[in-house]
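> A predicted structure for the sequence below; I have some questions about it.
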Amino acid sequence: MRRTNGGRIKSTVVPLTQRDEEDADNAAPAQPKQKKQQARKQKPWQGPFLYHEELELTVDSLTNLGLGICRTSLPLQSSPTFTSDSNSSSSPIPPPPPVERERSAAPVAPESWVIMVPGVIPGERIRLRIYRNHKNYSEADLVEVIEASPARVEPVCSLFGRCGGCQYQHMSITAQRDWKQQHVVDVLARTGNITNVAVQKVIGTDDVLGYRSKITPHHEKPRGGEIKDIGFLKLGSRALVDVEQCAIATPAINARLMGLREEVRARARAAAAEETPKKPKGATLFLRETQEGVVTDPRVEVSDKIRGLTFKYTAGSFFQNNPFMLPEMVGYVTGKAREGGMRFLVDAYCGGGLFCLSASKDFEACYGVEISELAILSARRNADLNEITNCHFRAGDASDIFAGIKHIRGQETVMIIDPPRKGCDEDFLTQLCAFRPARIVYVSCDPATQARDAQVLVRSGYEIEELQPFDLFPQTRHIENVIVFADARLSGPGHGPAAPAAAE
């Protein structure tokens, strides 16, 4: 490991702390905020590395947030305290003067200190610059890639590294999906203690740019009738970066975004010119591409077609926003639900009925529950719209569904679970294990909470048949994962005759 003092190497990478300083200057903060910033400048600098100290290290792996992990050993020392010079204005936390580090009685384990840095690939040799120390790790900016990975590519978007929307544009799509697969492997082992089941290769499409059918740019409140930035959060900051075009949004959304930005700015100027102008506010814009075109009002009703079925929903409600990948994932989930020849399907967290209606032709009866009454109304209307008569929907918490299905047996049932990011609550899992469906298809946007819930199901006597990740959001760290469970106490195909296939 080679160390150099901060500032010796000129870099085109803007450190987060410097970017935050620019944001603070541009924002012209009020007096209370200035006092808070002054107090922050006077806070002692603590940790094993100097502010803006530079290191050369090798990237070991990636976090679930897409940050690179570097590891280094520390000399025998205690965490020093450096007092900042409050009169300096060159950075929010001025570089501390060189000081002698005190040695502690107990040595630090070799290769034990973690440093996190964005925009890197495991295996790369890099130069990084420390900007923050925590109790057991540090954060750094990337200064230079000394030895690049063969998987490194030129980012398509000029804002990559500043805009926080994408984390993986510097990686080939093959490398992105390999690391997403590895992330699922790691989190299942770490959180769920599940190590004896293979994780399948990530399924994705060739549409890795221009695929996202919904975006929500933001802007701060106008100042003097002018809106500065309209876009997304900067990497590692609460400030905004101006985004004229988004590389992962569909072409139709980008075309509408140009006009919408001008409309919003024109309204702000007009409002400031009024005799009694309204108090200006920041806002979140909304753009979604649907069969009706690009809509900007989240309250309107829109529709999309998935695998031959039409789904109507309120534009602002939840509906997966990768229309290229969604049909593939729906086909996989409904196909796994169909295996085993069960008679009944139960769809917890059913939303507007996407999985329930898509699988309905393979079951005698399907039951869906969703906490949102508006979503249940959409599910019922979608059933009528597609002339599906064997699906029954009710509003309520996911755990309430078991009160409405006492007339069917778990051994004749497959359950699809697609909870929010926080996963399933304890009450639902308890009732699920008591009902004991023969098969469970668990869809999740957070493999960590899914792994936690999977551990409960495995302990309850379910075995994992398959783990299948999906790349719904290329260029980002996000991954959708499906786990198929089967009741280990049952053997052979489904119990009871398979329902005849209904017409599309």
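Nice, I can see it. From a predicted model like this one, the values you see are computed outputs, not experimental measurements.

> which residues does residue 114 bridge with?
Partner residues in beta bridges with residue 114, using DSSP bridges, are residue 71, residue 137.

> I'd say it and residue 138 touch.
Yes - applying C-beta atoms under 8 Å, one finds residue 114 in contact with residue 138, separated by 7.5 Å. All C-beta atoms are positioned from the backbone trio N, CA, C, and that covers glycine.

> neighbour count winner among these two?
The residue with more neighbours, out of residue 114 and residue 138, is residue 138; 22 against 16, by other C-beta atoms under 10 Å.

> which one is the more buried one nearest to, not counting chain neighbours?
In space, and not counting its chain neighbours, residue 138 is closest to residue 115: 4.7 Å by C-beta to C-beta, 6 or more residues apart in numbering.

> what's the local residue count around the one you found?
As a burial measure, residue 115 scores 23 neighbours (other C-beta under 10 Å).

> that one and residue 164: what is the separation?
To residue 164, residue 115 is 20 Å away according to C-beta to C-beta, to the nearest Å.

> next: residue 334.
Distance, residue 334 to residue 164, by C-beta to C-beta: 34 Å.

> sketch out the low-pLDDT regions of the chain for me.
1-45, 75-111, 275-277, 491-504 (pLDDT under 70).

> tell me the buried residues in stretch 259-279?
Judged by neighbour count using 16 or more other C-beta atoms under 10 Å, the buried positions of stretch 259-279 are 260, 261, 264, 265, 268.

> got the contact list for residue 122?
Going by C-beta atoms under 8 Å, 6 or more residues apart in numbering, residue 122 touches 59, 60, 61, 62, 68, 149, 179.

> wait, residue 193 touches residue 455, no?
Yes - applying C-beta under 8 Å as the test, residue 193 and residue 455 come out as touching, 6.0 Å apart.

> what's the overlap in contacts for these two?
Counting by C-beta under 8 Å, 6+ apart, nothing touches both residue 193 and residue 455.

> report the separation between the closest residue in space to residue 208 that isn't next to it in sequence and residue 121.
Distances taken as C-beta to C-beta, 6+ apart put residue 474 closest to residue 208, at 3.9 Å, once the chain neighbours are dropped. Residue 474 sits 16 Å away from residue 121, going by C-beta to C-beta.

> so residue 127 bridges to which residues?
Bridge pairing for residue 127 - DSSP bridges - gives residue 56, residue 144.

> pretty sure it is in contact with residue 140, am I right?
No - under the criterion of C-beta under 8 Å, residue 127 is not in contact with residue 140, lying 9.6 Å apart.

> mind listing the shared neighbours of the two?
Contacts common to residue 127 and residue 140, judged by C-beta under 8 Å, 6+ apart, are residue 55.

> neighbour-wise, which of the two wins?
Taking other C-beta under 10 Å, residue 127 and residue 140 do not tie; residue 140 has more neighbours (28 against 20).

> could you say which helix or strand contains the more buried one?
Here residue 140 sits within strand 137-147, counting by DSSP states H and E.

> which strands or helices does the helix or strand just after that strand pack on?
Using DSSP H and E, the helix or strand that follows strand 137-147 in sequence is helix 173-192. Where contact means 3 or more C-beta pairs under 8 Å, 6 or more residues apart in numbering; DSSP states H and E, helix 173-192 is packed against helix 447-459, strand 462-470.

> helix 173-192 to strand 462-470, inter-axis angle?
Counting by axes from the mean of the first three to the mean of the last three C-alpha atoms, to 10 degrees, helix 173-192 points 150 degrees away from the direction of strand 462-470.

> and the nearest residue to residue 179 once chain neighbours are set aside, what does it touch?
Excluding the flanking residues, the one nearest residue 179 by C-beta to C-beta, 6+ apart is residue 62, at 5.7 Å. Applying C-beta under 8 Å, 6+ apart, we find residue 62 in contact with 68, 69, 122, 179, 183.

> relative to residue 155, how far out is residue 62?
For residue 62, the distance to residue 155 - C-beta to C-beta - is 16 Å.

> go on, residue 283?
29 Å.

> and for residue 217?
19 Å.

> please apply the same query to residue 284.
With distances taken as C-beta to C-beta, residue 284 is found 25 Å from residue 155.

> where along this structure do the helices fall?
For the chain, applying DSSP state H gives helices covering 16-27, 31-42, 173-192, 251-273, 326-338, 354-359, 373-385, 426-435, 447-459.

> re the thing from before, among the contacts of residue 122, name the buried ones.
59, 62, 68, 149, 179.

> spatially nearest residue to the fourth one (excluding sequence neighbours)?
If the residues on either side of it in the chain are set aside, residue 149 comes closest to residue 121, at 4.0 Å by C-beta to C-beta, 6+ apart.

> quick check: that neighbour touching residue 59?
Yes - counting by C-beta under 8 Å, a contact exists between residue 121 and residue 59, whose distance comes to 6.4 Å.

> overlap in contacts, these two.
Common contacts of residue 121 and residue 59 (C-beta under 8 Å, 6+ apart): residue 68.

> re earlier: the more surrounded of residue 334 and residue 164?
Legend: neighbour count by other C-beta under 10 Å for residue 334 and residue 164, higher for residue 334 (22 against 17).

> how many neighbours does the closest residue to the more buried one other than its chain neighbours have?
Once flanking residues are discounted, residue 334 sits nearest to residue 359: 4.0 Å by C-beta to C-beta, 6+ apart. Neighbour count of residue 359, defined by other C-beta under 10 Å: 23.

> how far off centre is stretch 397-409?
31 Å (C-alpha atoms, centre = their mean, to the nearest Å).

> with respect to residue 391, which of the helices and strands packed on helix 173-192 lies nearest?
strand 462-470 (24.2 Å; C-beta to C-beta).

> outside of that closest one, which residues touch it?
180-181, 184, 188, 194, 197-200, 202-204, 325, 328-329, 332, 336, 440, 447, 454, 458, 479-488.
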